[in-house]
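Student: Just need the structure, nothing else, for what follows:
(one chain, ligands or ions: 1)
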Amino acid sequence: MRRPTILVTGSNGQLGFELARLLAPSGKVIAADRARLDLADADAIVAAVRGAKPDLIVNAGAYTAVDLAEKEVQQAAALNARAPGILAEEAKRIGAVLIHYSTDYVFDGTRTTPYPEDAPTAPLNVYGQTKLDGERAIAAVGGYALVFRTSWVYALRGRNFLLTIRRLAAERDELRIVSDQIGVPNWSRSLAEATARLVALGNPALAERSGLYHLCASGEASWFDFARAIVGDVATPRIVPIATADYPLPARRPAYGVLGTARFEAAFGFALPDWRDSLARCLASPPERD
Ligand SMILES: NC(=O)c1ccc[n+]([C@@H]2O[C@H](COP(=O)([O-])OP(=O)(O)OC[C@H]3O[C@@H](n4cnc5c(N)ncnc54)[C@H](OP(=O)(O)O)[C@@H]3O)[C@@H](O)[C@H]2O)c1
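Tutor: Numbering: from 1, shown residues only. Below you'll find the model as predicted:
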């Protein structure tokens with residue numbers, strides 16, 4: 001049987017890097033980082049897909065600088081809203097399946113129990129709005145597409161909360177961390193492993209499960225809980241809980257962003273491990289280089 005061709009965009013990102021490795025057993029992976037495929041360039045996206053003729057497109061590229069997005073609205077929209085729509089159109093044109101990732105920041109965080117996929121969206125910031133627009137662009141095309149919303153992604157490479165906390169922990173005696181935002185940390189490798197499990201099902205099984213899903217670890221945490229789990233049981237640095245209001249940032253964040261995963265579990269028959277288990281695995285894994 002012919003091995004499927006899998007185009008992975010944003011392949012140098014936290015998630016894209018893991019995907020490019022973990023999808024290799026399922027097909028011929030074309031790992032396209034920003035230098036190889038600029039997702040801000042619509043013509044380049046069309047040319048890349050028409051050139052590669054992939055069976056599966058996994059879009060891990062995105063504009064993820066949540067605070068900067070408040071100023072760089074056009075760039076965020078080009079990557080997060082326009083590019084997914086073009087990928088969806090091109091995928092539909094050749095009968096390919098598209099896998100795409102979105103965010104808990106499509107919600108306003110006013111709930112206190114996990115969000116189902118069909119809960120009303122109301123993004124609080126530009127990043128969340130552009131990601132929601134991307135979801136809608138894909139849905140409007142109506143091809144074979146699976147969109148996975150996830151949250152608080154970290155890895156041992158790139159820029160993320162885990163690496164920031166580790167760096168600050170080495171520099172300071174005290175860290176003041178927001179304790180009134182609740183969400184779920186997700187190791188990029190766990191997300192990529194789950195994606196690889198789905199890809200291994202093959203395109204027909206994926207195509208018939210087209211739709212929107214929450215793909216997220218079990219459990220929940222505040223940033224304060226996450227920081228404490230990263231640093232471990234040590235005397236210094238002291239981790240002090242603070243309120244969001246005491247740490248103002250350009251972009252507003254939802255106070256609660258836990259994603260309910262019942263639809264994913266029903267469709268695919270498994271759940272992601274508890275976030276603390278994935279974090280422990282991540283912290284025990286060998287360091288990675290950018
Ligand atoms: N990070 C989070 O906390 C989080 C939370 C919820 C959902 N998500 C979603 O999860 C997915 C994966 O995110 P991630 O955490 O892996 O983000 P990431 O580490 O920031 O990776 C994003 C990738 O997109 C690439 N990129 C940026 N501009 C590009 C352009 N013009 N053309 C092509 N590629 C470009 C970046 O390239 P460079 O490496 O060159 O910068 C980077 O490799 C995204 O859809 C994101 O919205 C992330």
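Student: how about Ala31, what does it touch?
Tutor: Ala31 sits next to Val8, Ser11, Gly16, Ala20 when contact means Cβ atoms under 8 Å, 6 or more residues apart in numbering. In this view, the C-beta of every residue, glycine as well, is placed from N, C-alpha and C.
Student: Just list whatever residues bridge to it.
Tutor: Applying DSSP bridges to Ala31 yields these beta-bridge partners: Val8.
Student: and it, how far is that from Asp274?
Tutor: Plainly put, Ala31 is 30 Å away from Asp274 if you go by Cβ to Cβ, to the nearest Å.
Student: what does Ala251 give?
Tutor: Distance of Ala251 to Asp274, given as Cβ to Cβ: 28 Å.
Student: quick one, which of those two is more surrounded?
Tutor: Neighbour tally, Ala251 and Asp274, criterion other Cβ atoms under 10 Å: the higher count belongs to Ala251, 18 against 14.
Student: Arg228 - that's part of a strand, no?
Tutor: No - counting by DSSP: H, G, I helix; E, B strand; the rest coil, Arg228 is not part of a strand but helix.
Student: which residues of this protein fall in strands?
Tutor: 5-9, 28-32, 56-59, 97-103, 144-150, 153-154, 174-178, 182-183, 186-187, 211-214, 221-222, 238-242 (DSSP state E).
Student: Quick one: closest of those to Phe268.
Tutor: Closest to Phe268 of the strands of the chain is strand 211-214 (Cβ to Cβ; 8.2 Å).
Student: in the closest one, what counts as buried?
Tutor: Residues of strand 211-214 classed as buried by neighbour count (16 or more other Cβ atoms under 10 Å): Leu212, Tyr213, His214.
Student: pLDDT score for the residue of the stretch 151-290 of the chain found nearest the ligand?
Tutor: For the stretch 151-290 of the chain, the residue closest to the ligand is Val153, as judged by Cβ to the nearest ligand atom, at 3.5 Å. Turning to Val153, the model gives it a pLDDT of 97.
Student: What is the burial count for it?
Tutor: Val153 has 21 nearby residues by other Cβ under 10 Å.
Student: quick one, what contacts it?
Tutor: Gln14, Leu15, Asn160, Asn186, Trp187, Ser188, Leu191.
Student: Tabulate the buried residues of strand 211-214 (CSV), appending pLDDT.
Tutor: CSV is the format used below for the buried residues of strand 211-214 (pLDDT from 0 to 100):
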residue, pLDDT
Leu212, 98
Tyr213, 98
His214, 98
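Student: tell me, how many neighbours does the closest residue to Asp108 other than its chain neighbours end up with?
Tutor: Distances taken as Cβ to Cβ, 6 or more residues apart in numbering place Ala122 nearest to Asp108, at 4.1 Å, with adjacent residues excluded. Residues lying near Ala122 (other Cβ under 10 Å) number 14.
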